[in-house]
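S.K.: Fold the stuff below for me.
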Amino acid sequence: MTNGVLADHQIRDLIASGGIAASQDITDGQIQPASLDLRLGDVAYRVRASFLAGPNRTVGERLADFQMHAVELEGGAVLEKGCVYVVPLMERLSLPKGMTAAASAKSSIGRLDLLTRIITDKGEEFDRVPDGYDGPLYVEICPRSFSVVATPGQMLNQIIFRQGCTFMDDDALRALHAKTPIVDTDAVISDGLGFSVDLKPKDGTLVGYRAKPHTGVIDLRNLDHYDPAEYWEEVHTDQGWIILDPGAFYILVSREAIVIPPMQAAEMAPYLAMVGEFRVHYAGFFDPGFGYAEAGGAGSRGVLEVRCHEAPFVLEHGQIVGRLVYEHMAAMPDALYGREIKSNYQGQGLKLSKHFRTNASRD
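M.R.: So this is what the prediction gives:
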């Protein structure tokens, strides 16, 4: 197999060969252009603290150390803000040698400030599945801003599969940008594509949203349902800067429109402490076709999930806040993001998760 991130049809082949198995049949709706959506199992274990299994232990053994009680998810169960849960997933892996996997929260889940991370037996990193892994998958869930209702089968996380070396170096990224522009401004390329925050919108003064501290529960089954004003405060500025409050969670948007061509995928790189007193994004994946004009995505921005740390911090328009790391695909996907599949965030600007009404009136 060619090195690269597996495309949708290659993921189907991996399922057919037994490399991906599940307690219930995997559906076509779970398979994205370069990723697979993972489903919650039937029970959530409330645990005392977040943990990794470590090199010589299983998640089950660690649960025996830290479990407080079990919560049955059938019919819907509340996962409370500030608590930590571990949920066995329906899917398990038996990867061939030379293949690794990586996971992240789905876009809508990150925008709810719902910290979800995959853990594995003998795992030493969150969201990373080692070469040739054979075993079950679990997800750690920690609601940060809102308590949520979860049910079995819901898809909070996605996973990609990497054959060999997949990452593009800066020279390859510059060559790609020269051939197929990956950003609508001057490309800042250094260990990936740098992106900045937009605090000078073309119209109006709305630049983002800040999560309210005391809100109702969000049922993850309810789409286009909740009034944003009950959960979010609008953030306005006409000065090109805002002050982030310690501990607060924000939804902002990138200044740049981003493009992921059909033979590339991308991952939002982890936060780097040197850029300021804040953390950006839950390290999300971008499928092939995101922002790609031929897939209906011209002008797609990156939505930024931002949490401020201990000190108030001034964030300025155009400030670099993160980077996208591009990867080669192993093959052309059968479907692109936004073109052949229903994609909630193709062509997006500043946008909350799909659980909130888009036509709700605001004061």
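
S.K.: contacting residues for the spatially closest residue to Tyr231 that is not a sequence neighbour?
M.R.: Of all residues not flanking Tyr231 in the chain, Thr215 sits nearest, at 4.9 Å (C-beta to C-beta, 6 or more residues apart in numbering). Using the backbone N, CA and C atoms, a C-beta is placed for each residue, glycine as well. Applying C-beta atoms under 8 Å, 6 or more residues apart in numbering to Thr215 gives the contacts 145-146, 230-231.

S.K.: And Thr215, what's its pLDDT?
M.R.: Note for Thr215: predicted pLDDT of 96.

S.K.: Reduced to three states, what does it come out as?
M.R.: Of the three states, Thr215 takes coil under DSSP: H, G, I helix; E, B strand; the rest coil.

S.K.: what's next to stretch 235-250, contact-wise?
M.R.: By C-beta under 8 Å, 6+ apart, stretch 235-250 touches 113, 144-145, 199-200, 205-211, 252, 277-278, 304-317.

S.K.: Now, of those residues, which are buried?
M.R.: 113, 145, 199-200, 207-211, 252, 278, 304-308, 313, 315, 317 (16 or more other C-beta atoms under 10 Å).

S.K.: Go through those and flag which are in helices.
M.R.: Among the buried ones among the contacts of stretch 235-250, no residue falls in helices (DSSP state H).

S.K.: so of the residues you listed, which ones are in strands?
M.R.: Using DSSP state E, 207-211, 252, 278, 304-308, 313, 315 are the members of the buried ones among the contacts of stretch 235-250 that sit in strands.

S.K.: Put the alpha carbons of stretch 34-51 into CSV.
M.R.: The C-alpha coordinates for stretch 34-51 follow below in CSV (Å, rounded to 0.1, in the frame of the first residue of the first chain):
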residue,chain,number,x,y,z
ALA,A,34,-10.4,10.1,5.3
SER,A,35,-11.7,9.1,8.6
LEU,A,36,-14.1,6.8,10.5
ASP,A,37,-16.6,8.0,13.1
LEU,A,38,-16.5,6.0,16.3
ARG,A,39,-19.6,5.0,18.4
LEU,A,40,-20.3,5.0,22.1
GLY,A,41,-21.0,1.7,23.8
ASP,A,42,-23.7,1.1,26.4
VAL,A,43,-22.1,2.2,29.6
ALA,A,44,-20.0,5.2,30.9
TYR,A,45,-17.7,4.7,33.9
ARG,A,46,-17.4,7.7,36.2
VAL,A,47,-13.8,7.8,37.3
ARG,A,48,-11.8,9.8,39.9
ALA,A,49,-9.4,11.2,37.4
SER,A,50,-8.2,11.2,33.8
PHE,A,51,-5.6,8.4,33.1
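
S.K.: Let the chain start at 8 from now.
M.R.: OK, 8 is where the count begins now, so the last one is stretch 41-58.

S.K.: which one of the contacts of Thr222 sits closest to Ser24?
M.R.: If you rank the contacts of Thr222 by distance to Ser24 using C-beta to C-beta, Phe153 comes first, at 39.6 Å.

S.K.: Now do the same for that closest one: its pLDDT.
M.R.: Per-residue confidence (pLDDT) for Phe153: 96.

S.K.: for Gln39, same thing?
M.R.: The score at Gln39 is 94. That number is its pLDDT.
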